[in-house]
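Q: dropping a prediction and its sequence here:
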Amino acid sequence: MEDINVNGTLIWYYYICKREVWLMSRSITGDQDNKYMDIGRFIHESSYSRDKKEISIGNIKIDILKKNKGNVLIGEVKKSSKYEESAKMQLAYYLYKLKEYGVEGQGVLMFPKERKRVEIVLDEDMINKIKYVEKEILKLIYDEYPLLPKKTRYCRNCAYSEFCWS
């Protein structure tokens, strides 16, 4: 298996489903016709149209990048705050990676459907969590087999449910 880099998507899914992290790391994609994926894509594409979107830097892809009073502000657009903790860690990961490149920034989670914004500040506690999660993700994806499926509250709408429950 080729060398795999941790990215924001894997950070996001680590907090939702570790089995899905393993599947994604092998380029196994979920049901692309899943209505929840369609809704998420639509919200992502149609929200914040005046901002610069989808900026790739190394192995991260930032939804929104802009200057705010001389500071770098990165934004992550999400369909719902239901996954706020995973979104927070994904955005913190982006801030951490930018910091490694010498760029200090601030982050904001955006939930346009709910008209909600949550500011994220990278602190030492978050950096330690990110370093820990990166190691845990690498352990997961270098395992020969995925974890056994485990029913959670997220399974009902999951695009990968066929890989677990068929």
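A: Happy to help now that I have it.
Q: nearest residue to residue 93 in space, please, no chain neighbours.
A: Spatial nearest neighbour of residue 93, chain neighbours left out: residue 11 (4.6 Å); criterion: C-beta to C-beta, 6 or more residues apart in numbering. (Glycine included, C-beta is placed from N, CA and C.)
Q: what lies in contact with the strand or helix carrying that neighbour?
A: Following DSSP states H and E, one finds residue 11 within helix 8-14. With contact meaning C-beta atoms under 8 Å, 6 or more residues apart in numbering, helix 8-14 is reached by 20-21, 24-25, 60-61, 83, 86-87, 89-91, 93-94, 130, 133-134, 136-137, 140-141.
Q: what about that helix, distance to the chain center?
A: Here the centre of helix 8-14 is set off from its chain's centre by 4 Å, with C-alpha atoms, centre = their mean, to the nearest Å.
Q: which is the next helix or strand following that helix?
A: helix 18-25.
Q: quick check: buried residues in stretch 123-132?
A: 126, 130 (16 or more other C-beta atoms under 10 Å).
Q: check this structure for its longest helix and report it.
A: If you go by DSSP state H, the chain has its longest helix at helix 124-142.
Q: list the helices and strands it packs on?
A: Applying 3 or more C-beta pairs under 8 Å, 6 or more residues apart in numbering; DSSP states H and E, we find helix 124-142 packed against helix 8-14, helix 18-25, helix 84-100.
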